[in-house]
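Student: I'd like to go over a predicted model; first the sequence, then the structure.
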Amino acid sequence: MMVPKIPLEKQVKKAVNGDEAVAYAVKQSLVDVVSAYPITPQTIIVEKFSEFVANGEVYTEFVPVESEHSAMSTVVGAAAAGARAFTATASQGLALMWEILHIASSLRLPIVLAVANRALSAPINIHCDHSDAMGMRDAGWVQLFVENTQEAYDTTIQAFRIAEHPEVHLPVAVNLDGFILSHTLEDIRMLPDEEVHKFLGGHRKVAKTYVDYLGKEVEIKLDPQNPISFGPLDLYDYYFEHKIPQVKAMEKAKDVVREIHDEWAELTGRRYGDGVLDPYEVEDADIIITVLGSTSGTVRNVVRQLRKEGVKIGVLRIRMFRPFPFDEVREALKGAKVVGVMDRAVSFGSFGPSYLEINTALYGVKNPPKLVNYVYGLGGRDTPPQLVRKMIDELRKVEEGEEVKKKLRFLGVRE
Amino acid sequence: MSKPRSEVKEPRGWKDLPTSALPYRLSTEYLTGGWRALRPVINYEKCVKCMLCWLYCPDFAITWDGEDVHVNYDYCKGCGICAYECPTKAIDMVPEGGEK
């Protein structure tokens, strides 16, 4: 354990749930505009934040709107005007934001969005799964998944730095599991306000770009002194060219996520793997489980127990889903014999979303591990250690040579 | 990211565009008259300079020089609203590229 630059006794200890942790992080991040529409299990984030606004604890412009479509549109406008902007949502709310999500990323606006992951209707369900987040995986946003309340706080602050990095300049979504994290009280440590301000470099500094007709470099914002327009018509002549910088910015985001995670880790003493992947006992593992979000804690506990029993097993938590860290995942998994890929979402007519990525990452590897996809926890279905053990028992049979007849399996569902 | 225009070959590649979906030219330089299938032609014998065509044109493509109305073919998309509204039927919509 390294010694943090800000000693633990100077970090404020507070019992908060995941939503409140995000709200406190936003409070400390000198955010200019917050716009949101309430939806379970995200509600506490903006509810708590609106208290800060009402109490005069922040100077933020809080814009209550009539829908998530408007909430995302508002932060798009705010960010285009040069503001640091934040919103939060879940499930149907994220689905309603969908068309604006693409606009936010292709206008290269460094918005931060917290998603308290919740299943999509129908039937209506308020509990956790990742089907909402997976619906935005191709929207051009950086997507980070946190494991606990502390990480929700840490990652939200990091997200502003990642988003505003001049070589990234993309929106970032911070995903925390609905209820499991959003509504569960944990002790977390928060930095003093001024340390967060210092980490962020103060208020948002707008990146610059050269605009021909103005004959100079200008800030990428709506400014009457240097008038530019965001996103007017491109036909077949330039649309394609406008997409490639987005691809490149995403590629760059991987390094930036890592750099900023490291910088924050030096300050706080808290590390989540390398910021991209969070491995546990994978080096010599024959069986590796990959997982996103809070379930990784459960899996890690089971793995710890099995290690004591002499089973060579490990967990690879995927903290960053977009951009997907293909090379790093390949390096981490290529030595294993069997990989169990856990997905808290299903792509109907296909496999779980992370299975597709991991399969791609391992393509071309000599003697690749056998892959089994486990879809689990839909609609908040509990995933206790016994269930994880059941999955691992199956994977051990595969390791012993059992043929993988069913690659897509459902964990914890009744027949 | 983007370079001054004099140094850049047109049409540009992605490396020479500004960050974000910003146009690098003004919209006035983006000529849209090529979209036109029908060209409005003003018959000045019939024109009574009532300016209704100028008023109705959705693209500000009818201009007034103090003497007469004219069509700015750089931007006119040939919608025909001017011809439809003209009270003296002084505007004919003529197919582009055709003989008649």
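Tutor: Thanks, I have it. Numbering: from 1, shown residues only, chains lettered A, B, ... in the order given.

Student: what's the mean pLDDT across stretch A:161-180?
Tutor: Computed over stretch A:161-180, the mean pLDDT rounds to 98.

Student: tell me where the model's unsure across chain B.
Tutor: Per-residue confidence of chain B (counting by pLDDT under 70) places the weak regions at B:1-6, B:98-100.

Student: hey, what's residue A:316 bridged with?
Tutor: Beta-bridge partners recorded for residue A:316 (DSSP bridges): residue A:279, residue A:290.

Student: I'd say it and residue A:287 touch.
Tutor: No: shown here, residue A:316 and residue A:287 do not form a contact pair, counting by CB atoms under 8 Å, at 11.1 Å. In this view, the C-beta of every residue, glycine as well, is placed from N, C-alpha and C.

Student: how many other residues sit next to residue 67?
Tutor: Chain wasn't specified; assuming chain A. Summarising burial for residue A:67: neighbours were counted as other CB atoms under 10 Å in any protein chain shown, giving 12.

Student: my bad, the chain I had in mind was chain B
Tutor: The number of residues packed near residue B:67 is 8, by other CB under 10 Å.

Student: confirm that it sits in a strand.
Tutor: No: with DSSP: H, G, I helix; E, B strand; the rest coil as the criterion, residue B:67 is assigned coil and is not in a strand.

Student: tell me who's in contact with the residue nearest the centre of chain B.
Tutor: By CA atoms, centre = their mean, the mean C-alpha position of chain B lies nearest to residue B:75, the distance being 1.3 Å. Residues in contact with residue B:75, defined by CB atoms under 8 Å, 6 or more residues apart in numbering or on different chains, are B:31, B:32, B:33, B:59, B:60, B:61.

Student: return the closest of those with respect to chain A.
Tutor: Nearest to chain A among those is residue B:32, at 9.2 Å by CB to the nearest CB.

Student: give me the spatial nearest neighbour of the closest one, chain neighbours excluded.
Tutor: Using CB to CB, 6 or more residues apart in numbering or on different chains and skipping residues adjacent in sequence, the residue nearest residue B:32 is residue B:75, 5.6 Å away.

Student: among the contacts of residue B:75, which one has the most neighbours?
Tutor: In terms of neighbours by other CB under 10 Å, those top out with residue B:61 at 23 neighbours.

Student: against residue B:79, how distant is that one?
Tutor: Taking CB to CB, to the nearest Å as the measure, residue B:61 falls 9 Å from residue B:79.

Student: just to revisit the earlier point, and the residue nearest to the centre of chain B, that one's in a strand?
Tutor: No: according to three-state DSSP, the state of residue B:75 is coil, so it is not within a strand.

Student: how much space separates it from residue A:232?
Tutor: Using CB to CB, we find residue B:75 at a distance of 15 Å from residue A:232.

Student: likewise residue A:136?
Tutor: Here the criterion is CB to CB. By it, residue A:136 lies 24 Å from residue A:232.

Student: so between these two, which is more surrounded?
Tutor: Per other CB under 10 Å, whichever of residue A:136 and residue A:232 has more neighbours is residue A:136, with 22 against 10.

Student: that one touches residue A:172, doesn't it?
Tutor: No: Residue A:136 is beyond contact range of residue A:172, at 11.7 Å (criterion: CB under 8 Å).

Student: what do these two both touch?
Tutor: Looking at what touches both residue A:136 and residue A:172 (by CB under 8 Å, 6+ apart), the common residues are residue A:143.

Student: contact partners for residue A:95?
Tutor: A:120, A:132, A:135.

Student: what's the burial count for residue 23?
Tutor: In the absence of a named chain, chain A is used. Applying other CB under 10 Å, we find 27 residues neighbouring residue A:23.

Student: oops, chain B please
Tutor: By the measure other CB under 10 Å, the count of residues near residue B:23 is 22.

Student: got the contact list for it?
Tutor: Contacts for residue B:23 (CB under 8 Å, 6+ apart) come out as A:229, A:232, A:234, B:30.

Student: ok, and the closest non-adjacent residue to the last one?
Tutor: The reference is to residue B:30. Nearest non-adjacent residue to residue B:30, counting by CB to CB, 6+ apart: residue B:23, 7.6 Å away.

Student: what helix or strand is that neighbour on?
Tutor: Taking DSSP states H and E as the criterion, residue B:23 maps to no regular element, lying outside all helices and strands.

Student: okay, helices next: where are they in the stretch 251-400 of chain A?
Tutor: Residue ranges of the helices in the stretch 251-400 of chain A, as given by DSSP state H, counting those that start in this stretch, are A:295-308, A:326-333, A:353-362, A:385-399.

Student: and if you look at the stretch 1-150 of chain A?
Tutor: Assigned by DSSP H, counting those that start in this stretch, the helices in the stretch 1-150 of chain A fall at A:18-28, A:43-54, A:68-80, A:91-106, A:131-134, A:149-164.

Student: CSV for those, including distance to residue A:251?
Tutor: Output for the helices of the stretch 1-150 of chain A, formatted as CSV (distance: least, CB to CB, whole Å):
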stretch, distance to residue A:251
helix A:18-28, 27
helix A:43-54, 30
helix A:68-80, 22
helix A:91-106, 14
helix A:131-134, 21
helix A:149-164, 14
